[in-house]
Each structure stands twice: as structure tokens, then as C-alpha cells.
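Student: Let me see the structure of the following:
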Amino acid sequence: MKWILKAIIQKLISWMPASQKINYLFQKHITKGVQLSDQHFSDKLGHATDHLRFYSKYGKEVEFTALELGSGWYPVIPIALFLGGAKSVTSIDISPLMTGQGMLETAQKYLSWYESGKLENLKPYIKPERLSVLKEIAEQKPTKDEMLVQLNLTLLIRDARNTGFEESSFDLVCSNNTYEHIYSEILIGIIKEFQRVVKPGGVNSHFIDMSDHFAHLDQSITIYNYLRFSKKQWRRIDNSVQPQNRLRLSDYEKMYAGYNIEILEKEIRPGSIEDLRKVKLDAAYANYDEKDVAISHAHLISSK
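Tutor: Residues are numbered from 1 along each chain as shown. Sure thing, here's the model as predicted:
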């Protein structure tokens, strides 16, 4: 099966020097998982629009400062926040993945979609003067450093548990498809740190994909396939270049509750009980509510 082959290859890659760069080439040329396809762009654009929607609902400052966890290869989220009026966007990651070409490609994609009328959901948040900056980037094709200045974007390699930022530094803290790649013993420290650096009345906005990511490639398995393995078995299968923590929504909610963080709003995709019942779950999930285990995605909004 495809997922087993991918798991083996990524496990081998995780043991190599420069594993993230090798994994990028593997996903770019073999699995096609890191291309800025219309589907990938559309998904990220939806998350970005949601961040702006929730910030518009709960945030205070019109010109806001934002912190993103998980820079990735393409700045889809930072550019959306820039278009939406962000005074500055700081994006942190544990690996330097973003390139100047990736930034330029993303800017061009935004303009192409805007001109073809595909940014309707984002359009209410777009500041016209910011759009002109994207047009300038697309025409002049500046260097990566020049684009970072033009987009008010700062890329940093940081441990998100200890960012070094002052307390109450950001109006908006966000992530997309990132929390699920962080093991709980690390993630709990990140949640605490994000609560420290967000301003009083600011917004924490995090979209989490709780599906088995191997199922994105291999349709022979369901999105619950990885829940059939014990913790020990999963550690053998999982890898450090694209780890999956297998946490359920209730696990995330307990982490928030542990720091007295009130979840103001959550949007979920309930998943499929029918598909879940096709999998013999590991005993670790025996005491979970079935509906909780079945949830495939969640967007959590909190404040301070």
C-alpha cells in the first residue's frame, strides 16, 4: 500500500542529515505534496479567511500584529493577513523551508485568483493599497529579503515553547495544520507560550487536522487508520519530518483547560462514525467518546 511505502521512506529520510530538504524534494517530485496546486492554495486560503473572520469578530486593533506557527513552503497565510491589514506578521518554524521563489509564486497566485474573481470570501478583508504591493512584487520580482520587507513579514527559526517575545506582543496568534504534527509533551508548552505572548483581548486561532495524513495519499485506508496502532507501534511507524500526534479534540481541550484558557468558539468537521467503526481502535482510545474520536478537523478560538 502507498501509505506504508511513504512511511518507510519518510522514516529513512528522518535519519538523514538535512532531512527536511530531502523530504521536500521527495514530496515535490514523488508525492506531489508540496506544490502550490489550486487545491492546496484553496485550502490554505480558507484557513486564512477564517483567521481574519475570527479576528474581526473578537479582536480589537484594526492594524494588528500577528504571529504564525509553521511557516512552511508558501506564505499563503502571512500574505492573507498582510492583505487584511496586519501591521506586521512574524512566522516561526523549526526549519527554514520558505524560498524566494515560493514567495513570488504565492504572490502571483493571489493576483491570478483575485483577477479571476476567486477571492470572494477574502475580498471583504482586503485593503486595496496592500493589493498594489502584491502587483509590484509580481512585476518587479524582487529578492526574498526585499519581499519580506514589502510584506511586513519576518521569518524566524524558533522553538515555539520559548519564543523570546515579550509578554502580550501579538494581537493574533494562529496556525494551520500544525498542532497535529507536535507531540503533546511539546505542544502543551507551546499553548502556554502562545497564551503568554497574545495581548489581552487578542485572539488565538488554530486549525487542526486530526485525520491520518497518510490517507491523504492512499485512498485504500480511512482517515482513522493510524488509531489502530498502540503508542509503541506508532512511534516505530511515525517519523520526525512529518510526525502525527493522533490527539483527539478532547485532548486539545484538556490542554487549554489546564492553563484556564477559555475556548470562545470552535468549528468542527464531525468525520464519519461509519468509517471509524471499520477500524479496530487501539485500547488507548477505549474510553473516548466515539463522536470525539470521529472528529476529523477542528478550529479553536480563544483569547486572554
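Student: Next, the buried residues of stretch 109-124.
Tutor: Across stretch 109-124, burial judged by 16 or more other C-beta atoms under 10 Å covers 109, 110, 111, 113, 114, 118, 119, 122. No exception for glycine: its C-beta is placed from N, CA and C like everyone else's.
Student: Give me the residue ranges of the chain where confidence is low.
Tutor: For the chain, residues meeting the criterion pLDDT under 70 lie at 25, 28-34.
Student: that older thread, in helices only, show me the buried residues of stretch 109-124.
Tutor: 109, 110, 111, 113, 114 (DSSP state H).
Student: Quick one: classify residue 298 as helix, strand or coil.
Tutor: strand (DSSP: H, G, I helix; E, B strand; the rest coil).
Student: Specify the beta-bridge partners of it.
Tutor: Per DSSP bridges, the residues bridged to residue 298 are residue 208, residue 268.
Student: so who does it touch?
Tutor: Going by C-beta atoms under 8 Å, 6 or more residues apart in numbering, residue 298 touches 207, 208, 210, 249, 252, 266, 267, 268, 269.
Student: Can you pick out the most distant pair from those residues?
Tutor: Using C-beta to C-beta, these span at most 14.4 Å, a distance reached by 252 and 269.
Student: Neighbour count for these two, which is higher?
Tutor: residue 252 (23 against 14; other C-beta atoms under 10 Å).
Student: Test my guess that the more buried one contacts residue 204.
Tutor: No. Residue 252 lies out of contact with residue 204 (C-beta atoms under 8 Å); the separation is 11.9 Å.
Student: Which neighbours do these two have in common?
Tutor: By C-beta under 8 Å, 6+ apart, residue 252 and residue 204 have these common neighbours: residue 300.
Student: After the strand or helix carrying residue 80, which helix or strand is next?
Tutor: Residue 80 belongs to helix 76-83 when assigned by DSSP states H and E. Using DSSP H and E, the next helix or strand after helix 76-83 towards the C-terminus is strand 88-93.
Student: Can you list the strands that that next one pairs with?
Tutor: Pairing partners of strand 88-93, with direction, according to DSSP bridges: strand 65-69 (parallel), strand 153-157 (parallel).
Student: what comes up buried for it?
Tutor: 88, 89, 90, 91, 92, 93.
Student: Please render the residues you listed as JSON lines that adds distance to residue 199 to the earlier fields.
Tutor: Shown next, in JSON lines, are those (distance: C-beta to C-beta, whole Å):
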{"residue": "88", "distance to residue 199": "13"}
{"residue": "89", "distance to residue 199": "15"}
{"residue": "90", "distance to residue 199": "14"}
{"residue": "91", "distance to residue 199": "18"}
{"residue": "92", "distance to residue 199": "17"}
{"residue": "93", "distance to residue 199": "22"}
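Student: now, among the residues you listed, which is nearest to residue 195?
Tutor: residue 92 (15.8 Å).
Student: what about the strands in this structure?
Tutor: With strands called from DSSP state E, the chain shows them at 65-69, 88-93, 153-157, 170-176, 198-209, 263-269, 297-303.
Student: so which of those strands gets nearest residue 215?
Tutor: The minimum distance between residue 215 and the strands of the chain falls on strand 198-209, with 10.8 Å, by C-beta to C-beta.
Student: elements contacting the closest one?
Tutor: helix 38-58, strand 170-176, strand 297-303 (3 or more C-beta pairs under 8 Å, 6 or more residues apart in numbering; DSSP states H and E).
Student: want to try TSV for the strands of the chain, with distance to residue 100 as columns?
Tutor: Listed next are those as TSV, based on distance: least, C-beta to C-beta, whole Å:
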stretch	distance to residue 100
strand 65-69	18
strand 88-93	15
strand 153-157	11
strand 170-176	22
strand 198-209	26
strand 263-269	34
strand 297-303	31
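Student: Compare those strands and give me the one nearest residue 58.
Tutor: Comparing the strands of the chain against residue 58 with C-beta to C-beta, the closest turns out to be strand 198-209 (5.0 Å).
Student: Work out which residue lies at the spatial centre of this protein.
Tutor: Note on the chain: the residue nearest the mean C-alpha position is residue 176, at 2.1 Å, using C-alpha atoms, centre = their mean.
Student: Could you check how far it is from residue 80?
Tutor: 11 Å (C-beta to C-beta, to the nearest Å).
Student: can you check residue 202 too?
Tutor: As judged by C-beta to C-beta, residue 202 and residue 80 stand 18 Å apart.
Student: which one of those two has more residues nearby?
Tutor: Remark: of residue 202 and residue 80, residue 202 carries more neighbours, 28 against 25, as counted by other C-beta under 10 Å.
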